[in-house]
Every structure is written in structure tokens, then in C-alpha cells.
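Colleague: Model the following, please.
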Amino acid sequence: MQFSALPPARHSPASSWAAIWVSGLCLWLPLYLRNTYMDLIHAKFALLTAFVLLGLLGLAISALTDLRAFRPLPGRVSPGMLWLPAWCASYLLAWLFSEDRFASLWGLTGRRNGLALFACCTACYLLTRLFCPAGLYQGLCRLFTGCSCLIALLGILNAWGLDPLGTYYSLLPDNGSLYLSTIGNLNFFAAYLCLCLPLAVQTAFHARSGRSRAGVVLCCVVLLTGLLMASTDAAWLSLAVMLAVVFCDRRLTWHGARLLFAIGAIFCAVAFLTGIFLNFFPLRMPLRTVSAVLVKPFVCLPIGALLLFLFFISPRLKKTPCKPARLLFGGLLLLLLCGFLVRNLFGLSLGPLDSFFWLRSGWGSNRWDVWDVLVRRYAKLPLLQKLVGVGADGVDALLNPYYTQALITLNGYTFDSAHNEYLQHLLCGGLLGLVCWCGFLFTHIRSAFRRVPFLATALIGYAVQAFFSITTPMLIVPVCLLAAFSAAPAEQQPITLDRWYFFLGSTLLFPALVVMWMPFYKTIHSPFWVPEWMVFVCYLLDSRLTACYNKTNT
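Modeller: Numbering: from 1, shown residues only. The predicted structure is shown next:
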């Protein structure tokens with residue numbers, strides 16, 4: 001591709017702007033880190049808000065520039081696109097009946113998962129689905145692969161205590177082990193890597209040269225190593241489900257499976273080396289559960305040898321790996337179900353496996369106790385609140401101060417969310433909100449599975465991870481963007497301007513980053529000129545709202 005001149009645009013101004021905007025959002029949202037690790041989610045939310053305002057402004061200018069060409073792309077409008085607006089509308093209805101409308105709107109009592117976040121996600125989804133060219137998807141897969149690889153490398157270095165940003169030990173001497181990268185704590189970090197891993201594998205499948213494929217395979221190994229450092233069981237469960245989905249698909253051939261075997265074999269070698277290094281260099285936080293088992297030589301070496309054997313023997317196999325994979329994963333699923341039934345219904349001990357199969361107090365890092373409390377609280381709600389919910393970010397009001405002391409005694413600190421996105425939607429958005437969100441995921445997973453199987457795999461991995469996670473801007477926004485591409489009909493030819501869209505998205509959207517400097521404008525001299533109206537906007541979105549909320553509570 002020649003970069004000497006801008007190639008002629010093949011799309012309307014609105015579509016070109018949408019491609020630029022999506023590229024910039026996918027690049028800056030996961031990488032942005034304002035005030036080191038402090039107030040990370042607040043900074044991400046402010047950046048997202050600035051991007052949404054900038055995107056809507058660009059659409060308005062595009063409409064004024066060429067009103068006749070301002071229309072959705074062909075085939076983009078369908079009934080399936082109404083799930084997310086209906087979900088946002090259900091939270092708007094819940095906000096009307098909320099006891100604390102201010103907290104329900106901005107989500108200040110939790111992790112910014114208020115109505116404002118859901119409105120921003122809906123705007124991102126509609127803008128991407130209606131106007132963004134479908135051919136940009138391959139470029140976004142490469143963008144997600146590169147960003148996630150950089151984030152994983154940063155997390156790996158932080159896990160070994162190298163602190164490349166210079167803030168890991170200075171600002172978080174006690175809680176630094178919970179934060180590995182620019183995404184957030186261990187759970188968010190692992191969830192983002194699980195979301196990007198299928199996209200990286202798809203990029204490897206579509207690589208045009210052996211060198212490019214080798215580079216993407218190395219990125220996949222880095223992502224798996226990041227999961228190893230995160231040591232979260234939910235991430236490994238999500239990875240297992242994604243592998244089952246990929247291998248049970250009839251469209252996967254042994255040639256494609258060979259690439260997955262190579263990635264797995266290299267990762268087993270990395271896990272073996274990690275186990276050796278642990279004998280000489282301490283980690284910031286010790287490996288737990290599945291990660292601690294994988295670095296054992298008697299585990300990683302046999303698995304790696306098996307994958308290496310399959311890598312060399314797979315070219316001789318003619319049939320697809322669908323049938324043996326279905327037998328294998330079906331048998332594993334049956335064993336898991338039997339383990340849960342035997343331990344919880346019949347009370348038979350499974351020895352060391354009791355911590356995994358026995359649903360009791362303390363299970364899932366005390367999540368089971370919180371779920372039990374919240375289910376009982378939901379059963380006592382009035383019928384109207386059961387249908388429409390208590391308002392976004394209302395779980396904190398249901399838990400505290402009623403169960404604060406009990407949770408602190410059990411966990412060391414209290415909870416402000418359900419740590420289960422589906423239960424959170426049931427409580428905050430009611431039955432209506434939960435149905436809309438599940439309908440949104442199911443519709444787009446089914447649509448993506450027909451067109452782009454690896455994208456459907458990424459959404460399935462997120463759906464599994466959501467059973468143990470929290471709604472945050474770093475995760476829900478990429479999910480909405482990817483879901484928008486899953487419903488877009490594939491173009492006959494890939495878009496040829498994806499590099500230009502990425503370049504323009506990373507430069508022309510720089511004002512959105514400028515806005516993020518505004519809370520520190522009066523205390524830190526910015527290296528570039530900042531208009532006063534941007535100062536006002538950022539204070540309105542960030543500092544002033546927090547101060548007003550604190551004043552209201554006191």
C-alpha cells in the first residue's frame with residue numbers, strides 16, 4: 001500500500017467517519033491510563049464519554065455535509081438491532097423508579113456501571129452497526145491483537161515486578177498485586193485477554209505470509225501467558241468453553257487445528273519455563289489454582305508432548321476433528337455435571353475437588369455468599385421492581401448497610417456489586433433488562449456463528465466470563481462493538497483503507513485524549529493548548545459530578 005497520497009474514499013462521509021471513530025476507540029480505550037492505577041475506571045468512563053460526544057458530532061457534521069448520502073449501510077437495519085436499545089430503555093425505566101437517581105445515572109457508588117455507561121454503549125453499537133464498513137473487521141482484529149498483546153506484555157512484566165510504567169510499587173504498595181495492566185484488576189485483565197484471544201487466532205488463520213502468521217502465533221502465546229499470570233479460574237473456564245466451541249465446529253479442518261496445536265505446544269513450553277523461573281525469581285502474587293497446576297513439569301510437559309504429536313500427525317488425518325472433539329468435550333461436561341450432582345445433592349466428598357464442586361459458603365472467592373444474599377433480596381422486592389429493577393448500580397444499596405459487617409467478616413471487605421453480570425442485570429434492570437441483555441447476546445452470537453465463527457467464540461467467552469465478572473467500560477464497550485460487526489453482512493472485498501482509518505483514528509481523535517487532561521489542567525501545565533470549553537466539559541463529566549454526589553450524601 002502506498003502512503004504517499006490518501007486513496008479515494010469508497011464510502012459516504014458518515015461511513016468514513018464511523019471507521020475512523022471505531023479505530024480510535026478500539027485503540028485508546030484499552031491502552032489509556034490517566035492517573036496511573038488510581039481511578040482507572042473513572043478515567044476510562046470519561047474517555048468513553050468524550051469519544052461518544054465526538055462520534056455524534058462527527059455524524060452531525062457528516063449529515064450536514066451530504067444529507068442525501070447520510071443513511072445506514074445496506075442490510076444493517078433489522079429487528080435484532082433493537083435488543084440493545086430496549087435494554088437501555090429498560091434501565092431508563094428503572095432509573096425513573098430508583099431511590100437514588102443520581103447514583104443510578106452515573107454509577108458513582110460502584111464502577112461507573114450506571115445508565116450513562118449503558119447509553120454510551122448503545123450509541124457505540126448503533127453508530128458502528130449502521131455506518132461502519134464491514135470490511136474494517138479484519139483490520140480491527142489486528143488492532144485488538146496488537147493492543148491485547150501489548151497489555152499482556154505489560155501485565156507479565158508487572159507480575160514479575162519489573163514495573164515498566166514506574167507506578168506499580170510506588171502508588172499501590174499493598175494492593176499492587178491486584179492490578180496488572182491498563183485494563184484493571186486481575187479479573188478485568190483476564191476477561192479482556194479472553195475476549196481478544198479468538199480474534200488473534202482468526203488473524204493468524206488469515207495471515208498472508210508465514211512470517212505474519214508466526215508473529216500472530218507469538219501474540220497468541222503472549223495472551224495465554226497473560227492468562228497464566230492472572231490466575232483466575234473464570235478465565236480458564238472461558239478458555240475451555242471457547243476451545244470446545246472451536247473444535248466442535250464442523251468447518252474446522254485438521255489443517256486449522258494444526259495451528260491451534262502449535263500455539264498450545266509453545267504455551268506449554270512457556271509454562272514449563274515459568275515454573276523453572278519461579279524457583280529463582282518471586283512473582284508479585286503467587287500463582288493460584290489452574291495456573292499453579294499448569295506450571296508443574298508433570299502437567300505442562302505431557303500436555304505439550306501430546307499437542308506436538310497432534311501437530312505432526314494432523315496432516316495425515318482426513319476427517320475433521322469435529323467428532324472426536326465432541327466426544328471429548330461431551331465426556332468432560334458429563335464428568336463436571338456428575339461431580340456437581342454427587343457433591344451437592346448426595347453429599348459425597350470428592351477430596352481435593354470439593355473446593356471446586358461444593359457450592360457452599362466461600363465458593364468462588366465468596367461470590368456464592370453474595371449471590372445467596374442478593375437472590376433473597378430480589379425475592380422480597382415488590383412486583384414492579386422485580387420487572388423493572390431498582391436502577392443501575394443499585395446492588396450496593398441492597399447489600400449495604402444490611403450485610404456490610406457480615407461481608408467484611410467473611411471477605412475482609414464488603415461488596416458493592418453482584419460479581420455476576422446476569423444477576424446484576426436482574427436486580428438493577430429487572431426481568432425486562434435481563435431478558436433484553438440475554439436476547440442481545442444470543443442474537444449476535446447466533447448471527448456471528450454463521451458469518452464469523454471466531455467472533456462468535458469471543459462473544460461466547462465473554463458470556464461465560466460474565467457469570468463471575470462486573471460490567472465495566474473496558475469490557476462492555478468492545479463487546480458492543482464486536483456484536484455490531486457480527487450482524488453486519490460481509491462485503492465482497494475487504495476494505496482497502498483500514499490502515500488509513502487506523503492512522504486517522506489514532507491522530508484526529510486526539511482531542512478526546514486532550515479532554516482527559518482537563519481535571520488536572522489547573523494543577524498540571526499541559527504541554528499543548530487546551531480550550532476553556534473543554535475544561536468545563538471535563539469538569540462537568542468527572543470532578544464536578546463526584547463532588548456533587550459526595551456533597552449530596554453528606
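
Colleague: C-alpha from now on. contacts and neighbour counts both.
Modeller: OK.

Colleague: what is the mean pLDDT for the helix ranked longest in the chain?
Modeller: If you go by DSSP state H, the chain has its longest helix at helix 40-65. The average pLDDT for helix 40-65 rounds to 86.

Colleague: Please apply the same query to stretch 478-492.
Modeller: Rounded mean pLDDT across stretch 478-492 is 78.

Colleague: burial measure for residue 228, as a count.
Modeller: 25 (other CA atoms under 10 Å).

Colleague: Do I have it right that it meets residue 293?
Modeller: No: checked against CA atoms under 8 Å, the pair residue 228 and residue 293 is beyond contact range at 10.2 Å.

Colleague: who touches both of the two?
Modeller: Shared contacts of residue 228 and residue 293 (CA atoms under 8 Å, 6 or more residues apart in numbering): none.

Colleague: Skip the chain neighbours and tell me the closest residue to residue 326.
Modeller: Distance criterion CA to CA, 6 or more residues apart in numbering; nearest residue to residue 326, sequence neighbours excluded, is residue 248 at 5.5 Å.

Colleague: show me the contacts for the one you found.
Modeller: 321-323, 325-326 are the contacts of residue 248 under CA under 8 Å, 6+ apart.

Colleague: Pull up the per-residue confidence for it.
Modeller: In this prediction residue 248 is given a pLDDT of 91.

Colleague: Quick check: it vs residue 453, distance?
Modeller: For residue 248, the distance to residue 453 (CA to CA, to the nearest Å) stands at 11 Å.

Colleague: Run a quick neighbour tally on residue 80.
Modeller: That count, for residue 80 with other CA under 10 Å as the rule, works out to 14.

Colleague: contacting residues around residue 294?
Modeller: With contact set as CA under 8 Å, 6+ apart, residue 294 has these partners: 271, 300.

Colleague: Kindly recompute the last result at 6 Å.
Modeller: residue 300 (CA atoms under 6 Å, 6 or more residues apart in numbering).

Colleague: ok so, going back, quick check: mean pLDDT across the following helix or strand past the longest helix of the chain?
Modeller: Proceeding N to C from helix 40-65, the next assigned helix or strand is helix 83-96, under DSSP states H and E. When pLDDT is averaged along helix 83-96, the result is 94.

Colleague: Check stretch 331-349 too.
Modeller: On average, stretch 331-349 scores 83.

Colleague: One more: stretch 386-395?
Modeller: 89.

Colleague: end-to-end on it?
Modeller: With CA to CA, one end of stretch 386-395 sits 13 Å from the other.

Colleague: For this structure, just list every one of the strands.
Modeller: 179-181, 184-185 (DSSP state E).

Colleague: Spit out the contact partners of the most centrally placed residue in the chain.
Modeller: By CA atoms, centre = their mean, the chain has its centre lying nearest to residue 475, at 3.0 Å. With contacts defined as CA under 6 Å, 6+ apart, residue 475 has no neighbours.

Colleague: And it, how far from residue 187?
Modeller: The value you get for residue 475 to residue 187, if CA to CA is used, is 11 Å.

Colleague: same question, residue 292
Modeller: Per CA to CA, residue 292 is found 17 Å from residue 187.

Colleague: These two - which one has more neighbours?
Modeller: Comparing residue 292 with residue 187 by other CA under 10 Å, the one with more neighbours is residue 187, at 23 against 15.

Colleague: how deep is residue 123 tucked in, by neighbour count?
Modeller: 19.

Colleague: which non-adjacent residue is nearest it?
Modeller: residue 52 (7.1 Å).

Colleague: Tell me the confidence at residue 210?
Modeller: For residue 210, pLDDT reads 83.

Colleague: Count the residues that sit near it.
Modeller: By other CA under 10 Å, the residues close to residue 210 number 10.

Colleague: need the contact list for it.
Modeller: Under the criterion of CA under 6 Å, 6+ apart, residue 210 has no contact partners.

Colleague: measure it to residue 335 for me?
Modeller: Taken as CA to CA, the span from residue 210 to residue 335 is 40 Å.

Colleague: Need the pLDDT of the residue nearest to the centre of the chain.
Modeller: At residue 475, pLDDT is 91.

Colleague: Over to residue 498?
Modeller: 48.

Colleague: Check residue 114 too.
Modeller: 88.

Colleague: for the one 5 residues further on, same thing?
Modeller: In the predicted model, residue 119 carries a pLDDT score of 95.

Colleague: I'd like the distance between the closest residue in space to it that isn't next to it in sequence and residue 384.
Modeller: Nearest non-adjacent residue to residue 119, counting by CA to CA, 6+ apart: residue 88, 6.2 Å away. Counting by CA to CA, the gap from residue 88 to residue 384 is 18 Å.

Colleague: likewise residue 456?
Modeller: Residue 456 is 35 Å from residue 384, by CA to CA.

Colleague: more crowded one of these two?
Modeller: Neighbours were counted for residue 456 and for residue 384 using other CA under 10 Å; residue 456 has more, 28 against 13.

Colleague: doesn't residue 450 make contact with the more buried one?
Modeller: No: using CA atoms under 6 Å, residue 456 is not in contact with residue 450; the gap is 8.6 Å.
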